[in-house]
Structure formats: structure tokens, C-alpha cells
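sequence plus the predicted model coming up.
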Amino acid sequence: MIEALQAGSEKAFEQLYIKYAKKIYNITRKMNVEKEEAENVVQDVFLKIWRNRVNLDSQFSFTAYLITIAKSIIIKQTQKRARFIAFQNYSIGVEPKAANSTEEYIIFKELEEASKEAYNTLPARQQQVYLMKNSEYLTTDEITEKLGVSKRTVENQLYRATKALKEKLGKAGFLSIVFFVSLMGISLYY
């Protein structure tokens, strides 16, 4: 079935899904993932299988490959959630108790606008690599594979993009926010 899947067989993909989806779901649930999120993980696992079907190796355990992908997805989601919680906790500790929600909204909109303007000044490849890293939460190796460039090129693009964004937002008066956002790995750029 793996070889048929590599050749692009939707039937083989469907059979593999039927055979393994419940197993991945159960493993995900044992990792204390909520029911709905576990269903999403199963979908994401098989989406990744379909996208990377050409690179599958029928000599290796397909089950182990599926479990590895599921664990990776869960870890990325957990890290994203942890960053968000840390940001919320930071925001609560920094902002005064009687903060004006209109004022907060205006500050957020100014930061968002400055972020978009700074992001739009980046070269196209830097924008692409930065988004893949900070919005799609892909690893450097995953970005390298998707773009077909060297790991060093990806690292270089990320470094240049991050440096440029910090400089531009720092000049716009958002230096402390930019520092925290970069420290937490939160992406303000869409």
C-alpha cells in the first residue's frame, strides 16, 4: 500500500487512513489531548502523509512514522499554547488593573499596523521563511525540505528577517514589546 500511495493512489491512502486513523486517535487521546483536538491531529497526520507520500520508505515502520508525526504535531500545539498562556500572564502582570480597553485596542492596532508595515518591507523569500517558522511553526529542517534550499540559507533568511523586524519596530517605539514577542516566539506578522 505504501508503494501505491507513493505513486499517488487515493485508494491506497483511503485504505491506510481506515486502517490507522483510529489507532492514531487512541494514542493521541492517551497523551491527554481533548477529543476534538485529537480528531484534528489525526487529520493533520494524514494530511502530512499525503503531502510527503513521495518520500515514504516502505522499509520502515509506517505505524512508528505516524506516531512520530502525531507527537510532533502535539508538541508544536502545546508549545504554541504555552507561549500564548505566557503572553497572557505577561500582559496581565504588565498592564494596570484599571486599564482602558479602548486604549489597549488602539495600542494593539498600532502595533499590528507597524508589524505589517515592517513585515511588508522584507524581501519575499524572508517573508516566506519567517511565516513558515513563526506562523506554521515549521522547523528549520521542514522549511529546508519544503523550499528545496540549504539549511544555512533558511537560517540566514530567518536571522535577517528577525533582525530587520526588530530594528524597524524598535524605531517605531515598540522595542520592549518586540523584545518580549521575539523572546516568546510569537508571530505578529500574517
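Perfect, I can see it now.

what packs against the helix ranked longest in the chain?
Using DSSP state H, we find that the single longest helix of the chain is helix 62-94. With contacts taken as 3 or more CB pairs under 8 Å, 6 or more residues apart in numbering; DSSP states H and E, helix 62-94 sits against helix 10-30, helix 35-51, helix 175-184. To be clear about C-beta, it is placed using only N, CA and C from the backbone, and glycine gets the same treatment.

residue 58: which of the ones you listed is closest?
helix 10-30 (11.4 Å; CB to CB).

hey, what's the angle from that closest one to helix 35-51? Just curious.
140 degrees (axes from the mean of the first three to the mean of the last three CA atoms, to 10 degrees).

domains in the protein, by residue range?
2-76, 97-184 (automatic domain parsing).

the closest residue to residue 50 other than its chain neighbours and residue 162, how far apart?
Leaving aside its sequence neighbours, residue 50 sits nearest to residue 13 (CB to CB, 6 or more residues apart in numbering; 6.1 Å). For residue 13, the distance to residue 162 equals 38 Å [CB to CB, to the nearest Å].

likewise residue 51?
Remark: distance between residue 51 and residue 162 (CB to CB) = 27 Å.

for the protein, what are the low-confidence residue spans?
Residue ranges of the chain with pLDDT under 70: 87-100, 104, 107, 172-190.

center of it - which residue?
Closest residue to the average C-alpha location of the chain: residue 137 at 2.0 Å, with CA atoms, centre = their mean.
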